[in-house]
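Engineer: Fold the following for me, if possible:
(one chain, ligands or ions: 2)
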Amino acid sequence: MKEQIKTLARDYAADLIANRRHLHANPELSFNEFKTAQFVAEQLKAIGLTPQEGVANTGLVALIEGRAGRSSESRVVGLRADMDALPIHEANDVPYKSTVEGVMHACGHDVHTSSLLGTARILQQLRDQFEGTVKLVFQPAEEKAPGGASLMIKDGVLENPAPASMLGQHVAPNVPVGKIGFREGMYMASTDELYLTVIGKGGHGAMPDQLIDPVLIASHIIVALQQIISRNRKPANPSVLSFGRFIADGVTNVIPNEVKIEGTFRCMDEEWREDGLRRMKKMAEGMAEAMGAVCEFTVVRGYPFLKNHPELTRRMRSAATEYMGAENVVNLDLWMAGEDFAFYSQVVDSCFYRLGTRNEERGIISGVHTPTFDIDESALEIGAGLMSWLALEELRVKN
Ligand SMILES: [Zn+2]
Ligand SMILES: [Zn+2]
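Structural biologist: Ligands and ions are numbered 1, 2, ... in the order given. Take a look at the predicted model:
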């Protein structure tokens, strides 16, 4: 079976690249993946599948039934690709350069979509040789709150039939092409946005006794909030608190009425996330009050943290080792970035792994979310083949 999958992936490699280039040249922003969804639907129909369209508006779901058809005992594995692009203007000079001003597939979601279409084609071809059901999930808006994954779940993507596990892959510009990365347990962070307004009383900088200085109070608050991260967090629990915006719009001798602060809080524990946010709000409001000011503390909730189910991930790692060779399977570090695949991982056993796309010799080294991001396209054949192999491995597990 492994060799059969490898052969099919090789046969389809040119189509995978053509599909990726088509998607890359025609990127669409989060929640606007209309042409992309249409393209995916056409491709799925062309191989004999009947996609359910319009899930979470622009998402699609399709089933590949194995040999025995679907029964109550048969296992279901979910495979996920995201389809949206970013508001970045592409700086690469390539034949498949984005044709849309200011929009670019700079996070590789064109790769994920094309790769999953390839996986669909391979598994559809092999459907007489496995038992169980493969659920293909093409979701919108990974890049934008509230995240396409959360809306797909609301629209029932994890029911009828319910996948026993979900697999997702993401390009990795820091991992050489030909290699795959795994990490069991905590992998990516929850992402909450913090918006604080410290309201005091502005006036002439020469008369601070007449005023309530929001600049000094906000500065104290920033320092105190970092103290929550260093003193109240369990040391084993990774967390980041970063403030990138601090606007005190006075001048040398004018203290403003208010200061605006914006930042991000990231961690890998849902309980600590709640506790940390509660403590930060209390600290900020309490300190402002103690100094005669008012602090409005607003949290815009992002994605939860992404946990890779340890046992499932170990199984996938060993299956990948069989497919790729041990020398091509690498360990991933914790990453404090967010990813909406985390929503699936909170409710169903999940494994999110990385597909190496770096090629230093060819200068393909730019990070995701940069205008020069690109991939070594030989990763597509690996991505589509490996995901097929992992899905079948997962279907072999007994319920
Ligand atoms: Zn991204
Ligand atoms: Zn991404």
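Engineer: so residue 120 touches residue 49, yeah?
Structural biologist: Yes. Assessed by C-beta atoms under 8 Å, residue 120 is found in contact with residue 49 at 6.7 Å. Bear in mind the C-beta positions are built from the backbone N, C-alpha and C, glycine included.
Engineer: Now for the two: what residues contact both?
Structural biologist: 62, 64, 136 (C-beta atoms under 8 Å, 6 or more residues apart in numbering).
Engineer: Wait, a strand at the second one?
Structural biologist: Okay, so that is residue 64. Yes. According to DSSP: H, G, I helix; E, B strand; the rest coil, residue 64 belongs to a strand.
Engineer: Just to check, it is in contact with residue 50?
Structural biologist: No. Residue 64 is beyond contact range of residue 50, at 10.5 Å (criterion: C-beta under 8 Å).
Engineer: can I get the shared contacts of residue 120 and residue 49 in CSV with neighbour count?
Structural biologist: What follows is these, written out as CSV (neighbours: other C-beta atoms under 10 Å):
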residue, neighbour count
62, 21
64, 25
136, 24
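Engineer: can you list the residues you listed in TSV and add distance to residue 146 and pLDDT?
Structural biologist: Shown next, in TSV, are those (distance: C-beta to C-beta, whole Å; pLDDT from 0 to 100):
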residue	distance to residue 146	pLDDT
62	24	98
64	29	97
136	22	98
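Engineer: which one of those residues is nearest residue 102?
Structural biologist: residue 136 (30.1 Å; C-beta to C-beta).
Engineer: Which helix or which strand is home to that closest one?
Structural biologist: strand 133-139 (DSSP states H and E).
Engineer: Return the alpha-carbon coordinates of that strand using CSV.
Structural biologist: Presented in CSV, the C-alpha positions along strand 133-139 are these (Å, rounded to 0.1, in the frame of the first residue of the first chain):
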residue,chain,number,x,y,z
THR,A,133,-14.5,6.8,6.1
VAL,A,134,-12.2,9.7,5.2
LYS,A,135,-13.8,13.1,5.9
LEU,A,136,-12.2,15.9,3.9
VAL,A,137,-12.5,19.3,5.6
PHE,A,138,-11.7,22.4,3.5
GLN,A,139,-12.2,25.3,5.9
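Engineer: which outside residues touch stretch 146-164?
Structural biologist: Here stretch 146-164 has contacts from 30-31, 55-57, 59, 61, 63, 70, 75-78, 80, 82, 84, 133, 135, 137, 139-142, 166, 302-303, 340-344, 347-349, 394, 397, 399, using C-beta under 8 Å, 6+ apart.
Engineer: So what would you say the end-to-end distance of that stretch is?
Structural biologist: 24 Å (C-alpha to C-alpha, to the nearest Å).
Engineer: ok, now stretch 76-91?
Structural biologist: 41 Å.
Engineer: What average pLDDT does it get?
Structural biologist: Per-residue pLDDT over stretch 76-91 has a mean of 97.
Engineer: related to what we said a few turns ago, closest to residue 336 among the shared contacts of residue 120 and residue 49?
Structural biologist: Of those, the one sitting nearest to residue 336 (C-beta to C-beta) turns out to be residue 136, at 29.8 Å.
Engineer: contacting residues for that closest one?
Structural biologist: With C-beta under 8 Å, 6+ apart, residue 136 has these contacts: 44, 49, 51, 60-64, 79, 81, 116, 119-120.
Engineer: do residue 305 as well
Structural biologist: Residue 305 neighbours (C-beta under 8 Å, 6+ apart): 186, 188-190, 267-270, 273, 342.
Engineer: What's the separation between it and residue 243?
Structural biologist: To residue 243, residue 305 is 20 Å away according to C-beta to C-beta, to the nearest Å.
Engineer: try residue 50
Structural biologist: Counting by C-beta to C-beta, the gap from residue 50 to residue 243 is 49 Å.
Engineer: So if I had to pick from these two, which one is more boxed in?
Structural biologist: Legend: neighbour count by other C-beta atoms under 10 Å for residue 50 and residue 243, higher for residue 243 (17 against 10).
Engineer: Do I have it right that the more buried one meets residue 221?
Structural biologist: No. When contacts are counted by C-beta under 8 Å, residue 243 is not listed as touching residue 221 (9.8 Å).
Engineer: Residues in contact with both of the two, list them for me.
Structural biologist: By C-beta under 8 Å, 6+ apart, the residues touching both residue 243 and residue 221 are residue 261.
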